[in-house]
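Student: got a predicted model here, sequence first, then my questions.
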Amino acid sequence: MPSSKIVEDIYFDLETTARGPDSSPEAHYKENYLVMCGYTAWGHYNYSNTIDDLVREVERMLHDGSRPRLIAHNLKFDLKWLLRLAPEVPWHMCEFYCTMTAEYRISGHRTKFISLEKAATNYSISLKKTLDLGALIKQGVDVADIDKKDLSKYLEQDVKLLRAVYISQEQAGYDFDYILPLARMELNGLPLHEEKTRGELKSLAGIHAAAIRVVESNIRSSLVWSDGTAVNSGDFKPLAPRTISYYLTGYPEHGLGGKNDKKHVVFKQGHGPHLDQTKIKSVWSAEPNPNLGYPINVGVLDDLVKQSPVVAAYKEAKDANKIINTYLIPFLTEAKHTGGTIHPKLNTCSTNTGRLSSSNPNGQNIPPTVRNLIKSTEGYIYEIDFAQLEMIGAATLSRDSKMISDILDGRDIHFESGKEVFQWKTPADMTKEERRTVKGVNFGLLYGGGAAGISENTGANKATVKKLIASFYERYPGVKDWQDEVYQEITRCPWVEGHKDGESYRAAIWTAPAEHGRRRYYFEESASPLWKQRQDGRTFSFKPTETKNYPIQGFAGGDIVMCALSVLDAVLAFTDAKLRMTVHDSIVVDWSKDKERDLEHIMNKVCELVRTELSIPVPLVYDIEAEVYWL
């Protein structure tokens, strides 16, 4: 958040060991330690094997009434080390700037995880380094074994390069204070109930084995080798998509084997595909791959699971296999190195929309059964979930007066936009299914979907979807006007990005208004549908789906939630609460029991500040759920 205090810049870089699992240098692995800290303030370079001098510099500035701005390239990584080594320092009173994340934003989210050296070349900054640290680390050299004079010189050059890049970027004016709470979340991690996890692993392993037996026995009873010999369990992969495709449809056309295989697993005489041609055509619109068969995705399985015990068992085995290998085994493995805590990464430079992503593991996509293995260490896990941020984003960015007044008056957007289509008189007239359909259409519109795609995603017939789209835009014409304006602005200022098949394709950057986070988006043309090619006389065009979706998602998850997180972190710094995770539109806090009222009071103030900061014309609404285990 902006401050009226004098800001003093500190450029810094840390070098650490990389002795964690898979040679990880992360601060949450206790086997890692700091090797050297280099920084410059007031033009003087300082290096040490501790952060003590850097901490004293920060504390001096705070004592003098100024506000330190800590500038680094991969800022979140370095902040985790500062939080680990000096947790008593009021880091929330500093400002922060990340040149890597800045370059990502300046490029419209195009340059993801850019190196400092590559960022420097973008500004024609050159500095020949005396040490190729990256190459040495790849060769297996431990940073702790590098000569201290050489490492100090390298750090000094790195800090000089960092300063030069920062000065070149400074006009961007981005606020990166939210990276501090993200660093806290990564360092705090998610506390795993290991005994419960081992029990869940044992249970799922049994379910997985039983489901595979069902799949194998049914398939073996229907199939035989092409020479007439019996099929054994090891002769095919029961969970391979082409196995279930062949069992259901008779594709791949060569049976379970490649074109050049002399023998194939085929249907026994008197047996055939489980589905008839009518059902096959209703499930798959495209032709099958001759060697792989029809694609077996989640939608297909959900459609067929009630019609076939084999499909039900196949899906059960796949689901169990995913949870076991994506979460349970990796969680238990990491817990051995961390004292029982899982540390998902929160990536600030990886999506096209500016929203965060998560990896190693994906903490934003943990299924409920696995979330329930995360247990509070403080008392309760509180999840603060913002409501309808996409609608709030649409109202803010489009300034549609009717949508703003509906939200201010407490009206249900989905009822108001769907009442003419379904002839509702009051919200009580809505069935759950009808409301789900309208909600799916409305969010589909904000995500950039068309009638065909929304119909497929919601299951509603296309005619109804078209009526609902028309009804939404009739009530909220400002949203449609804003979406069209963004698209027109993008198509007015493109440049040639490259060539494909002898024709140029273009790219453009659109910038949201400064009061809404100064967020920029990079768009690149892709192949147009035939009707669009005929209309424009060009093979390539910008996708309206992206031009509608990115600004809404970026503002909702990238601006509103991150701004709220920054303010919340500053308040919670005076308590014993721990930030654990952020999942798209929610923030997870670990705090002592019976703190829900305190958290509500804090969040009301947070929402007021965020509304003012981002010029949001409607209230921010949230729910809080609290349990010992993460729900």
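Tutor: Cool, got the structure. Numbering: from 1, shown residues only.
Student: going forward, measure contacts between C-alpha atoms and count neighbours the same way
Tutor: Noted.
Student: which SS state does Met36 fall under?
Tutor: Here Met36 is recorded as strand under DSSP: H, G, I helix; E, B strand; the rest coil.
Student: run through the bridge partners of it.
Tutor: Glu15 (DSSP bridges).
Student: doesn't Asn46 make contact with it?
Tutor: No - under the criterion of CA atoms under 8 Å, Met36 is not in contact with Asn46, lying 10.4 Å apart.
Student: which of those two has more neighbours?
Tutor: Met36 (21 against 16; other CA atoms under 10 Å).
Student: quick check: closest non-adjacent residue to the residue nearest the centre of the chain.
Tutor: Central residue of the chain (CA atoms, centre = their mean): Ser357, 2.5 Å from the mean position. The shortest distance from Ser357 to any non-neighbouring residue, by CA to CA, 6 or more residues apart in numbering, is to Asn347 (5.1 Å).
Student: now swap in Arg580 and tell me
Tutor: Excluding its sequence neighbours, the residue lying closest to Arg580 (CA to CA, 6+ apart) is Met185, at 4.7 Å.
Student: what pLDDT does the one you found get?
Tutor: The score at Met185 is 98. That number is its pLDDT.
Student: next one: phi and psi at it?
Tutor: Main-chain torsions, Met185, degrees, to the nearest 10: phi -60, psi -50.
Student: in contact with it, which residues?
Tutor: By CA atoms under 8 Å, 6 or more residues apart in numbering, the contact set of Met185 is Lys578, Leu579, Arg580, Met581.
Student: how much space separates Thr369 from Gly206?
Tutor: Distance of Thr369 to Gly206, given as CA to CA, to the nearest Å: 16 Å.
Student: do the same with Arg163
Tutor: In terms of CA to CA, Arg163 sits 57 Å off from Gly206.
Student: try Gly257
Tutor: The value you get for Gly257 to Gly206, if CA to CA is used, is 29 Å.
Student: now do the end-to-end distance for stretch 511-529.
Tutor: Note: stretch 511-529 ends 27 Å apart using CA to CA.
Student: should've said stretch 563-580
Tutor: Note: stretch 563-580 ends 17 Å apart using CA to CA.
Student: what does the helix or strand hosting Val486 contact?
Tutor: Using DSSP states H and E, Val486 sits within helix 477-492. Residues outside helix 477-492 that contact it (CA under 8 Å, 6+ apart) are 394-395, 397-401, 473, 508-510, 523, 542, 544, 547-548.
Student: now intersect the residues you listed with the strands, please.
Tutor: Within those, residues falling in strands by DSSP state E are Ala508, Ile509, Trp510, Phe523.
Student: residue ranges in the stretch 201-350 of the chain under the pLDDT threshold?
Tutor: Where the stretch 201-350 of the chain drops to pLDDT under 70, the residues are 258-261.
Student: no no, the stretch 1-150 of the chain
Tutor: 1-4.
Student: rerun at 90
Tutor: 1-5, 22, 42-44, 126-141 (pLDDT under 90).
Student: pLDDT at Gln171, what is it?
Tutor: Looking at Gln171, the pLDDT reads 67.
Student: if I look at Ser486, how far off is Lys543?
Tutor: Careful, residue 486 is Val; it's not Ser. Val486 sits 12 Å away from Lys543, taking CA to CA as the criterion.
Student: backbone dihedrals for the closest residue to Asp276 other than its chain neighbours, both of them.
Tutor: Distances taken as CA to CA, 6+ apart place Thr249 nearest to Asp276, at 7.5 Å, with adjacent residues excluded. Main-chain dihedrals, Thr249, degrees, to the nearest 10: phi -120, psi -20.
Student: and if you look at Leu579?
Tutor: According to degrees, to the nearest 10, Leu579 has phi -80, psi 130.
Student: so it touches Asp590, yeah?
Tutor: Yes - the pair Leu579 / Asp590 is scored as a contact, 6.2 Å apart, by CA under 8 Å.
Student: what domains does the record give for this protein?
Tutor: For the chain, automatic domain parsing gives the domain ranges 7-177, 197-320, 391-507+528-549.
Student: could you tell me how far the longest helix seen in the chain lies from the centre of the chain?
Tutor: Using DSSP state H, we find that the single longest helix of the chain is helix 194-222. On the basis of CA atoms, centre = their mean, to the nearest Å, helix 194-222 sits 30 Å off its chain's mean C-alpha point.
Student: tell me which other helices or strands that helix touches.
Tutor: Applying 3 or more CA pairs under 8 Å, 6 or more residues apart in numbering; DSSP states H and E, one finds that helix 194-222 makes contact with helix 309-323, helix 329-338.
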